[in-house]
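> Structure for this input, please:
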Amino acid sequence: MRILSTLALTLALTLAFLPLTLRAEDAPAPDYTYWAELANIVDGDRVSLDIDLGFGVWVRKQTLTLLDAGGADKTPEERKLDNARIAKLRELLSEATDIVIRTTRDKTTTPPRYLVTIWADGVNVNEALAKAFP
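Residues are numbered from 1 along each chain as shown. Below is the predicted model:
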């Protein structure tokens with residue numbers, strides 16, 4: 001009889017605490033980080049990348065705007081600066097073996113555009129451009 005009551009108590013406690021153990025954690029926030037290869041430098045604010053989405057799925061020649069990009073309208077002085085930005089982007093990206101990107105969606109524009117932060121061989125390209133062209 002004592003064994004039966006111990007078994008019943010164990011079963012009751014197990015059932016009481018079972019919902020606590022089966023609760024799922026909060027869903028993780030999406031992390032849009034991918035491996036990429038440089039396809040082309042469009043201008044000083046945009047690059048074209050081949051993006052590895054995983055499981056053998058690639059997006060080819062996707063044009064993305066750098067997160068620190070300026071306005072779309074450029075004066076002649078800004079165009080000269082744009083050529084210097086293109087040269088700096090070539091310097092940072094053309095010889096890079098490991099390119100990692102993180103994308104974010106800019107919902108303020110119509111249609112929405114995708115902004116990108118790029119790391120080339122561990123160097124944050126966006127920060128390097130911001131330091132070179134304040």
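
> three-state assignment of the most centrally placed residue in the chain?
Residue closest to the mean C-alpha point of the chain, counted by C-alpha atoms, centre = their mean, is R102 at 1.5 Å. At R102 the chain is in strand, as set by DSSP: H, G, I helix; E, B strand; the rest coil.

> you'd agree it is up against W35?
No: counting by C-beta atoms under 8 Å, R102 does not reach W35; the two are 11.4 Å apart. Bear in mind the C-beta positions are built from the backbone N, C-alpha and C, glycine included.

> returning to that earlier point: who touches the residue nearest to the centre of the chain in this structure?
D31, Y32, T33, Y34, V116, T117 (C-beta atoms under 8 Å, 6 or more residues apart in numbering).

> again, only this time at 10 Å
D31, Y32, T33, Y34, L67, L115, V116, T117, I118, W119, N126 (C-beta atoms under 10 Å, 6 or more residues apart in numbering).

> With N126 instead?
L66, L67, D68, A69, R102, L115, V116, T117, I118, W119.

> go again using 7 Å as the cut-off
L66, L67, D68, T117, I118 (C-beta atoms under 7 Å, 6 or more residues apart in numbering).

> In PyMOL, how would I select just the buried ones from these?
A single PyMOL command selects the buried members of the contacts of N126 (16 or more other C-beta atoms under 10 Å):
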select buried, resi 66+67+117+118
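
> which of the contacts of N126 sit farthest apart?
Of all pairs drawn from the contacts of N126, the one with the longest distance (C-beta to C-beta) is D68 and I118, at 10.6 Å.
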